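Q: Starting from these lines, generate the structure:
(4 chains)
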2 protein chains.
Amino acid sequence: MLNQQSLDLAFQALADPTRRAMIERLSLSPASVSDLARPLAMSLSAVMQHLAVLESSGLVVSEKLGRVRTCRIQPQALSAAHAWIEARRAEWERRASIAWGIT
Amino acid sequence: MLNQQSLDLAFQALADPTRRAMIERLSLSPASVSDLARPLAMSLSAVMQHLAVLESSGLVVSEKLGRVRTCRIQPQALSAAHAWIEARRAEWERRASIAWGIT
DNA sequence: CCGAAACTAAAGCATTTGCTTGTCTATTTT
DNA sequence: AAAATAGACAAGCAAATGCTTTAGTTTCGG
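A: From the prediction side, this is the model:
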């Protein structure tokens, strides 16, 4: 259904460089919260709060085993954002080609 | 160069439903600030503040002629966001196909 | 010229965001 | 068992966000 709320959450999640770095890391392989935190210049707590944002947007899921929480990306959650951007570009191109007389 | 800052600004701009509505409107044709405001349930001032966000992200440009400011989208400004998402998906798929043994 | 239209600028305000620090609980490791 | 590791939970705080209202300025139509 591609509703507003899910786009809000996805774009909002992607708007922060720390969260994008976390997704970039997770696009290589799953990782623990500590793994995600290691290269970042902030507390583990802060990283867990970013993770919460990523999880509530559906971009990342995680699962705890023993004392380690393992996080992985949910690439299909990027589709809504991707589709929205593509739709705008497509509409713009359609309109542009009419303006150029290339019907 | 696709720097962090420009991605921040683009995704941040896209994270608000009002701003996405404005871009959707502008993907059909250029419009004045009042045109953009008409369907929105908020003051003209608020719409202009959203416009400022869109302009500072480069997604929209505008030009004033007489008393009317005409806004248009800059579809190439969506490319950075689009490319970032595609890159993550591509990386994930590369990794997934290795995991599946489909080298 | 006069009033409406289309912005523009600025101040104020409630909420959200992105951290911090401190405390606490499980789970491993030694 | 003791200590270290990995995370969870909460409170607090400064800054950013998304509005509002008020008070302009400039331009256009009659």
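Q: Up against chain B, what does chain A have?
A: On the criterion CB under 8 Å from any CB of the partner chain, chain B has as its neighbours in chain A the residues A:4, A:7-8, A:11-12, A:14-17, A:20, A:23-24, A:27-29, A:73, A:75, A:78, A:81-82, A:84-86, A:88-89, A:91-93, A:95. Bear in mind the C-beta positions are built from the backbone N, C-alpha and C, glycine included.
Q: one more time with 6 Å, if that's ok
A: Of all the residues in chain A, those in contact range of chain B (CB under 6 Å from any CB of the partner chain) are A:4, A:8, A:11-12, A:14-15, A:17, A:27, A:75, A:78, A:82, A:85, A:88-89, A:91-92.
Q: Just the buried subset of those, written out for PyMOL, thanks.
A: What follows is the PyMOL syntax selecting those of the residues of chain A next to chain B that are buried according to 16 or more other CB atoms under 10 Å in any protein chain shown:
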select buried, chain A and resi 8+11+12+14+15+27+75+78+82+85+88+89+91+92
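Q: from the residues of chain A next to chain B, which ones fall inside strands?
A: Using DSSP state E, the subset of the residues of chain A next to chain B located in strands is empty.
Q: okay, now the residue in chain A that DNA strand C sits nearest to: neighbour count?
A: Taking CB to the nearest atom of the strand, DNA strand C has its nearest neighbour within chain A at residue A:66, 1.8 Å off. Residue A:66 is flanked by 5 other residues according to other CB atoms under 10 Å in any protein chain shown.
Q: for chain A, longest helix please?
A: For chain A, the helix with the greatest residue count under DSSP state H is helix A:79-99.
Q: Okay, buried residues for that helix please.
A: Residues of helix A:79-99 classed as buried under the neighbour-count rule (16+ other CB under 10 Å) are A:80, A:81, A:82, A:84, A:85, A:88, A:89, A:91, A:92.
Q: Leaving out the residues flanking it, which one is nearest to residue A:71?
A: residue A:62 (4.2 Å; CB to CB, 6 or more residues apart in numbering or on different chains).
Q: Give me the residues contacting the helix or strand hosting that neighbour.
A: Using DSSP states H and E, residue A:62 falls within strand A:60-65. Outside strand A:60-65, the residues within contact range by CB atoms under 6 Å, 6 or more residues apart in numbering or on different chains are A:54, A:69, A:70, A:71, A:73, A:74.
Q: Pull the most distant pair out of the residues you listed.
A: Farthest apart among the contacts of strand A:60-65 by CB to CB are A:69 and A:74. That separation is 15.3 Å.
Q: about what we covered before: enumerate the positions of the strand holding residue A:62 that are buried.
A: Buried residues in strand A:60-65, counting neighbours by 16+ other CB under 10 Å, are found at A:60, A:62.
Q: Now it - C-alpha only, CSV.
A: What follows is strand A:60-65 as a C-alpha-only set of coordinates in CSV (Å, rounded to 0.1, in the frame of the first residue of the first chain):
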residue,chain,number,x,y,z
VAL,A,60,16.7,-3.6,10.1
VAL,A,61,15.7,-6.6,12.2
SER,A,62,17.6,-8.1,15.1
GLU,A,63,17.5,-11.1,17.3
LYS,A,64,19.2,-11.8,20.6
LEU,A,65,21.1,-14.9,21.3
